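Colleague: Sequence and predicted structure below; questions after.
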2 protein chains.
Amino acid sequence: MTFLNHIQCIIPVSEQLSEAFYSITKTKTVKRGDLLLRAGDYCNDLYFVESGLLRGYYYQEEKEITNWFAREGEFATNFYAFITKAASTETIEVLEDCELTQIPFAKLQKIYTDFPETERLGRILTENYYVKLEGRFLGLQFTTAKERYDNLIKQNGPLVLRAPLGQIASYLGITQETLSRIRAKH
Amino acid sequence: MTFLNHIQCIIPVSEQLSEAFYSITKTKTVKRGDLLLRAGDYCNDLYFVESGLLRGYYYQEEKEITNWFAREGEFATNFYAFITKAASTETIEVLEDCELTQIPFAKLQKIYTDFPETERLGRILTENYYVKLEGRFLGLQFTTAKERYDNLIKQNGPLVLRAPLGQIASYLGITQETLSRIRAKH
DNA sequence: CGCACTATTTGACATAAGTCAAATAACAGC
DNA sequence: GCTGTTATTTGACTTATGTCAAATAGTGCG
């Protein structure tokens, strides 16, 4: 699913709006290991993943914590830093070669001004982020590590499995050792 | 802090906008024990708490889980149900007599249409919800039950303490017994 | 005031997951 | 294909928090 297809699922996209999006976005190809954003930098872009896999991570007491994975059809950015223009606390790393649609913040603002109906888009994307986070929050509170792992596999399939064990473990809020033991009992 | 004061902290409020808000909002007085919203109902109103204390809760395997408390200066609603028009999964209960500013969904939509600059307001309120939830999510993952309790007290002071033990415990994601033991060691 | 009901505390024990450490396994570069 | 490095697995032990049950304390109502 391309960026525009995805937008069309959220708000109606007129010919003009479609062209405006076309003119402000760039296609960006990145390779495994590249960093799209570093902690401390400003986050000027929203990315839509056309193909590939990314992750966002930060440090919590020396330990690297993976906060999210984004695969094709999903948006990726340090949401908070993108919106507030505060320095990013997250680093965004390319896990699998990606084709991305890059949406610069300033140009997105212009779209909001020129096409007020797109304000709704921003709100809905925020809501989606919220709902997703809420799901994880409830999961953390009411499910065991094994259940969370099984759910991750069910929802994200083998794609996420290509990520190293430690990254998946920290995403699930558990230690590597625990995840390794979960896997051992198939 | 009144509703309009609060809005003014987020977006500039013109004379006309102020009047428009005035015309769509109603002041509502509710008493301890009243239910503002029941699980299963549609959530048609956003409330701003001028004074008093509310909570939102839902059931998770027979157990009542308090999802949030809202005190003066905060908004209260089942955010998800309000936005999506899905049936509410939450019940909203009045913990302490409240004076509320009631904002009906349909009229809020009209404000969005008549004053497009208010779309930003919706987005920012959503973001605030998101950031708050993110804080709780991280807390659940990286702090002990005692730390979470201490933080709650620090942030919400004695107001929340008037809520029954079991409600606070479920909000913190722990059992009553554990919270009771935390309190016992002052 | 006293009864019945509900909320809180306390105790004894169970358990999921963490910690630390060592043993393997997998992998990248020469 | 070896070698050093990094990732994963396994083991032994600890710990925070949960569970179940019983004892108190608190509260509203007739």
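Modeller: Great, that's in hand.

Colleague: does chain B sit close to the lengthiest strand in chain A?
Modeller: Determined from DSSP state E, the single longest strand within chain A is strand A:45-60. Yes. With Cβ under 8 Å from any Cβ of the partner chain as the measure, strand A:45-60 is seen reaching chain B through residue A:60. (C-beta placed from N, C-alpha, C; glycine too.)

Colleague: hmm, the following helix or strand past that strand in reach of DNA strand D?
Modeller: Counting by DSSP states H and E, the element after strand A:45-60 in chain order, helix or strand, is strand A:63-71. No. If you take Cβ under 7 Å from any atom of the strand as the test, strand A:63-71 misses DNA strand D, and the best it gets is 9.9 Å.

Colleague: what about residue A:148, is that helix, strand or coil?
Modeller: For residue A:148, the assignment made with DSSP: H, G, I helix; E, B strand; the rest coil gives helix.

Colleague: that older thread, so in that sheet, which strands flank the longest strand of chain A, and in what orientation?
Modeller: Sheet pairing for strand A:45-60, assigned by DSSP bridges, gives strand A:63-71 (antiparallel), strand A:75-76 (antiparallel), strand A:91-104 (antiparallel).

Colleague: tell me the mean pLDDT over it?
Modeller: Per-residue pLDDT over strand A:45-60 has a mean of 92.

Colleague: Now it: buried residues?
Modeller: Neighbour counts over strand A:45-60 (16 or more other Cβ atoms under 10 Å in any protein chain shown) mark A:45-50, A:52-58 as buried.

Colleague: Would you agree residue A:81 is in contact with residue A:42?
Modeller: Yes. Using Cβ atoms under 8 Å, residue A:81 is in contact with residue A:42, at 6.9 Å.

Colleague: tell me, what's touching those two both at once?
Modeller: A:87-88 (Cβ atoms under 8 Å, 6 or more residues apart in numbering or on different chains).

Colleague: Those two - which one has more neighbours?
Modeller: Between residue A:81 and residue A:42, residue A:81 has the larger neighbour count (other Cβ atoms under 10 Å in any protein chain shown), namely 20 against 14.

Colleague: host element of that one?
Modeller: Residue A:81 belongs to helix A:79-84 when assigned by DSSP H and E.

Colleague: Contacts for that helix next, please.
Modeller: Contacts for helix A:79-84 (Cβ under 8 Å, 6+ apart): A:42-46, A:86-90, A:105, A:126, A:129, B:127, B:130-131, B:134.
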